[in-house]
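> okay, here's the prediction I keep looking at, along with the sequence it came from:
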Amino acid sequence: MTQTETRAFTDQKLENMVGNLLRAGVSLSALVVLFGGIIYLARHGREPASYTVFHGEPSDLKSLGGIVRYAFAFHGRGIIQLGLLLLIATPVLRVVLSIWGFAEEHDRMYMIFTGIVLIVLLYSLLGSGSAF
């Protein structure tokens, strides 16, 4: 037996874990957005649409704290925004899981490359002046 055959953690296991994480993240996100959409339409579906003036998102829904407050208060828009945040978090979690998997495999080169990807992702989400 070679060294790779005797390892308890393999590339195939990591690939399966990443695939399951991505499926679960996208599915959960879709369900949360659907739930928020149903609540929003139940409360505001019969309101007449006005296309003369653009109304953006309330300022409370432009921060993580505001989104969480609105979602836990069962406001449709807050729940939809929370679902979208879950969708954005899914690939970030995939990168974190990959770093852990490469650490289990003792593959330093891929750990370093994946760590760089994680830093770039986090900078683009958090450090570039966004509201989160």
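Noted; the coordinates are in hand. Numbers count the residues shown, from 1 in each chain.
> which elements pack onto the helix or strand hosting Y110?
Assigned by DSSP states H and E, Y110 belongs to helix 108-122. The contact analysis (3 or more C-beta pairs under 8 Å, 6 or more residues apart in numbering; DSSP states H and E) places helix 108-122 against helix 76-104. Any C-beta I mention is one placed from the backbone N, CA and C, and that applies to glycine too.
> just the angle between the helix holding Y110 and helix 76-104, please?
160 degrees (axes from the mean of the first three to the mean of the last three C-alpha atoms, to 10 degrees).
> and the biggest helix by length in the chain, which residues are buried?
Secondary structure of the chain per DSSP state H: the longest helix is helix 11-44. Residues 14, 17-18, 21, 25, 29, 32-33, 35-37, 39-40 are the ones in helix 11-44 that count as buried (16 or more other C-beta atoms under 10 Å).
> with distance to Y110 added, can I get those residues in a markdown table?
Output for these, formatted as a markdown table (distance: C-beta to C-beta, whole Å):
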| residue | distance to Y110 |
| --- | --- |
| L14 | 10 |
| M17 | 15 |
| V18 | 13 |
| L21 | 17 |
| G25 | 21 |
| S29 | 27 |
| V32 | 32 |
| V33 | 33 |
| F35 | 37 |
| G36 | 37 |
| G37 | 39 |
| I39 | 42 |
| Y40 | 42 |
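> quick check, nearest of those residues to V120?
V18 (18.4 Å; C-beta to C-beta).
> let me know the pLDDT of the closest one.
For V18, the model assigns a pLDDT of 93.
> hang on, isn't it packed against V95?
No: look at V18 against V95 with C-beta atoms under 8 Å: they stay out of range, at 9.5 Å.
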